[in-house]
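*Asks:* Test case, fold it:
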Amino acid sequence: AVVVARVDDAVKVIYDRDSTLAVIDTIKVRITDRAKAFKETEVIFYDVSGLREAQKDLNSIVENNLLAVTAPAHLYALVGATNVKAEFINNSKSDTYKIEIRRNKDNTLIADTFELAAGKSISTLTLLEAPEFGNTVSEIEADGMPIAARIPILKFGTGSPLATARTVSYTMERFTDYFSQNRPDAVLVLGDRYEIFAAGAAAALLEIPLAHISGGDVTAGAADDWFRHCLTKMASLHFPSCEVYARRLIRMGEDPAAVENVGGLGDENLRSLPLLSRAALAESIGFGLERPYALVTYHPETAGGASPAAQFDALCAALERCGLAAVFTKANADAGGADINARIDAVCAARPGQYVAFTSMGVLRYLSAMKYCAVVAGNSSSGVVETPSLGVPCVNVGDRQKGRLLSANIICCAADEASVYAALQKALSPAFAAQARQAKSPYNGGDTSGRIVRRLEAFVQSPSLGKPKLFYDGPVPGWEKEGSR
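*Replies:* Sure, this is the predicted structure:
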């Protein structure tokens, strides 16, 4: 028999260790360690009381009421975790039951399906979604795009290089299984993350043609740099975001006929999305935007041995000295990201009304916040790639984006308090604000997404699809003009 629990979307609940509110005892125990370090602890919370109702229904039809699946009324996980603690016990003597936990609104699974043999139990579930990182798949669903599969990969957490290495291995395994059972004509990947590297490697090893968006960049301060270049060598079709990067791909041995500079998708979003008004944005995020504010995103530097927490503390100290309000978006799943996110929670709790944080704002709200901010600060690629189109000052901190093409609105600085403060002061000056407004984006490719789609259609219909590519040793267009750039 199949037991199906119906749940609503994940809800974040903040539990205060000093609160006198009644909290489920088991949750109090689970959050104790984190609460010792941070006054407020976020918990991802699913109501699965429907599972008990499902059990009652089955008991009424199963002979002798042998099914007795014991489960909690709630599933919960600390923000930053992918596994949730829950105990399921099958007390029947001979029957095996399959347990599915599905979301009410669309019937999608929110956790790995599992089977319970007679007399067996489990105590941990693996979520198929990662609400701690914003669950941005909801934006895809909102656009009406079908989700072919949900493949959980964060089984080992995100706290260390070892966790990242294990995640890459596990992700390759999961995508290998999926691609072997659902073989596509080609796979399109974007960017330079370790998750994408693993998915791309699985496709390449199964001899599925690969197309790659945003190759040819350089980011010396992140391991993403070599993930990106590895994807380049696995891919047979390339969509770099500017001419400099296109030429770099050709110097890496890629055939110029397979390299098309289409511009940046982020830049296209800025040119095509109707952004929110300042008032509508403030209402949407529940935060006043009357005073000048910084839009802040800081990810760990994963190359060079820097301390992400220390760098973020320096950025926060500089922001405080400037007296700005701040809208934070949280760090990614790199090692060290959880430490940064805990610090974001702490500084926002200490300055309510001045600082606010979001796991993910979504594209529309994020770009709208960028439009109205006094400065973008941190080390996200969006600061380098998207701010030039809006003419917004950007302070790029540290080495994570070192090597990317920079526009006139961007100030680079070291990741110490004095350097960040000096850069922020310059960025906030009227003279630099005027300079930023005149910045020209190198990432404007016109109809970027349309060009990608049209080229992909030709790619999958080409008679040469899937044939081995050759290393290109010919001339590089524009090389003489750009020199060794």
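
*Asks:* From now on I want contacts and neighbour counts done on CA atoms only, so please keep to that.
*Replies:* Noted.

*Asks:* how about the nearest residue to the residue nearest to the spatial centre of the chain, chain neighbours excluded?
*Replies:* To find the centre residue of the chain, average its C-alpha atoms and take the closest one (C-alpha atoms, centre = their mean): that gives N332, at 5.5 Å. Taking C-alpha to C-alpha, 6 or more residues apart in numbering, and ignoring the residues beside it in sequence, N332 has H299 as its nearest neighbour in space, at 6.2 Å.

*Asks:* Kindly confirm my reading that the one you found forms part of a strand.
*Replies:* No - for H299, which was evaluated using DSSP: H, G, I helix; E, B strand; the rest coil, the result is coil, with no strand membership.

*Asks:* which residues sit in contact with it?
*Replies:* 308, 331-332, 334, 337, 340, 378-380 (C-alpha atoms under 8 Å, 6 or more residues apart in numbering).

*Asks:* where does it land on pLDDT?
*Replies:* pLDDT, the model's per-residue confidence, is 89 for H299.

*Asks:* thinking again about what came up before, let me know the closest of the contacts of H299 to E207.
*Replies:* Checking the contacts of H299 against E207 by C-alpha to C-alpha gives D334 as the nearest, at 28.5 Å.

*Asks:* Just confirm that closest one is within a helix.
*Replies:* No - read with three-state DSSP, D334 is coil and lies in no helix.

*Asks:* Verify the contact between it and T302 for me.
*Replies:* Yes - under the criterion of C-alpha atoms under 8 Å, D334 lies in contact with T302, with a separation of 7.5 Å.

*Asks:* is it true that V347 touches Y355?
*Replies:* Yes - V347 lies in contact with Y355 (C-alpha under 8 Å); the separation is 7.4 Å.

*Asks:* quick one, which of the two is more surrounded?
*Replies:* Between V347 and Y355, counting by other C-alpha atoms under 10 Å, Y355 is the more crowded of the two (20 against 16).

*Asks:* what residues does the one helix or strand S449 maps to touch?
*Replies:* According to DSSP states H and E, S449 maps onto helix 448-461. The set of residues that contact helix 448-461 without belonging to it, under C-alpha under 8 Å, 6+ apart, is 185-186, 237, 239, 262-265, 268, 465.

*Asks:* now those as JSON lines including pLDDT?
*Replies:* Converted to JSON lines, the contacts of helix 448-461 look like this (pLDDT from 0 to 100):
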{"residue": "D185", "pLDDT": "96"}
{"residue": "A186", "pLDDT": "96"}
{"residue": "L237", "pLDDT": "97"}
{"residue": "F239", "pLDDT": "97"}
{"residue": "V262", "pLDDT": "95"}
{"residue": "G263", "pLDDT": "92"}
{"residue": "G264", "pLDDT": "91"}
{"residue": "L265", "pLDDT": "90"}
{"residue": "E268", "pLDDT": "90"}
{"residue": "L465", "pLDDT": "92"}
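
*Asks:* Parallel or antiparallel, which strands does the host helix or strand of L125 pair with?
*Replies:* According to DSSP H and E, L125 maps onto strand 121-126. Partner strands for strand 121-126, per DSSP bridges, with pairing direction: strand 83-90 (antiparallel).

*Asks:* Report the mean confidence score over the strand holding L125.
*Replies:* Mean predicted lDDT for strand 121-126 stands at 74.

*Asks:* CA atoms only: put that strand into PDB for me.
*Replies:* Listed next in PDB are the C-alpha coordinates belonging to strand 121-126 (Å, rounded to 0.1, in the frame of the first residue of the first chain):
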ATOM      1  CA  SER A 121      11.800   2.300  10.800                       C
ATOM      2  CA  ILE A 122      13.700   5.400   9.500                       C
ATOM      3  CA  SER A 123      14.600   8.600  11.300                       C
ATOM      4  CA  THR A 124      15.800  10.900   8.600                       C
ATOM      5  CA  LEU A 125      14.200  12.200   5.300                       C
ATOM      6  CA  THR A 126      16.100  13.900   2.500                       C
END
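
*Asks:* where's L470 relative to R437, distance?
*Replies:* L470 is 44 Å from R437, where distance means C-alpha to C-alpha, to the nearest Å.

*Asks:* more neighbours, the two?
*Replies:* When L470 and R437 are compared for neighbours, R437 comes out ahead with 17 against 10, by other C-alpha under 10 Å.

*Asks:* residues contacting the residue nearest to the more buried one when sequence neighbours are not counted?
*Replies:* Closest residue in space to R437, ignoring its immediate chain neighbours: G391 at 4.0 Å, by C-alpha to C-alpha, 6+ apart. The contact partners of G391, by C-alpha under 8 Å, 6+ apart, come to 409, 436-439.

*Asks:* ok, 6 Å please
*Replies:* Under the criterion of C-alpha atoms under 6 Å, 6 or more residues apart in numbering, the contact list for G391 reads 436-437, 439.

*Asks:* quick one: low-confidence parts of the protein?
*Replies:* Residues of the chain meeting the criterion pLDDT under 70: 1-86, 104-106, 108, 126-139, 157-159, 333, 479-485.

*Asks:* Please give the number of neighbouring residues around the closest residue to L324 other than its chain neighbours.
*Replies:* Setting aside the residues directly before and after it, L324 is nearest to Y293 in space (C-alpha to C-alpha, 6+ apart), at 5.3 Å. Summarising burial for Y293: neighbours were counted as other C-alpha under 10 Å, giving 23.

*Asks:* Okay, and the beta partners of Y293?
*Replies:* When bridges are taken as DSSP bridges, the partners of Y293 come out as A325.

*Asks:* now it: how far from A282?
*Replies:* Between Y293 and A282 the distance, using C-alpha to C-alpha, works out to 12 Å.

*Asks:* can you list contacts of the longest helix anywhere in the chain?
*Replies:* The residue-count maximum for a helix in the chain (DSSP state H) belongs to helix 161-181. In this structure, residues lying in contact with helix 161-181 by C-alpha under 6 Å, 6+ apart are 153, 156, 198-199, 202.

*Asks:* and these, which two are the farthest apart?
*Replies:* When C-alpha to C-alpha is used, the two most widely separated members of the contacts of helix 161-181 are F156 and A202, lying 19.1 Å apart.

*Asks:* Those two: which has the busier surroundings?
*Replies:* Neighbours of F156 and A202, each counted by other C-alpha under 10 Å, are more numerous for A202; the result is 22 against 17.
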